[in-house]
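1. sequence below, structure please.
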Amino acid sequence: MKVYKAEWQCTLNVTEGVDASAGWRYRLAWYLRNIAERIDGTQRTLTLDLNVCPEIEREEVDTCLGKGFAVSQQLIMELAQHAACESAMRDTKAELFDGDE
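-> Numbering: from 1, shown residues only. Have a look, this model is predicted:
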């Protein structure tokens, strides 16, 4: 009986800036992104470098990334809620936080 072994590989790199060893085209693209961020004000540019083997369809990858960002948004909203609650508590019951700062 032959035993089959499933093999796969996935790497995901997220960067928020240009690498010093990058080529001039890549550095120029990041320079333009930085200008766009300053014009837009609150925008943030990320690059995703994804390598999946065996290859999967782009639509499936996009769906997974969309779900991941939705989970990230939910977590960030929870952090914002906690920060707002802590701020309200510091305003109303400052004596509970006297030793923190």
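
2. is it true that Glu16 touches Glu37?
-> No. Assessed by Cβ atoms under 8 Å, Glu16 is found out of contact with Glu37, at 10.4 Å. C-beta coordinates here come from the backbone N, C-alpha and C atoms, glycine included.

3. can you map out the strands along this structure?
-> Ranges of strands in the chain, per DSSP state E, are 9-15, 47-53.

4. against which helices or strands is the first one packed?
-> It refers to strand 9-15. Applying 3 or more Cβ pairs under 8 Å, 6 or more residues apart in numbering; DSSP states H and E, we find strand 9-15 packed against strand 47-53.

5. who does the strand it packs on touch, helix- and strand-wise?
-> Checking 3+ Cβ pairs under 8 Å, 6+ apart, strand 47-53 ends up next to strand 9-15, helix 58-92.

6. now the least confident helix or strand in the chain by mean pLDDT: buried residues?
-> Within the chain, confidence by mean pLDDT, DSSP states H and E is lowest for helix 24-40 among all helices and strands, at a mean of 87. Using 16 or more other Cβ atoms under 10 Å as the test for burial, helix 24-40 gives Trp30, Arg33.
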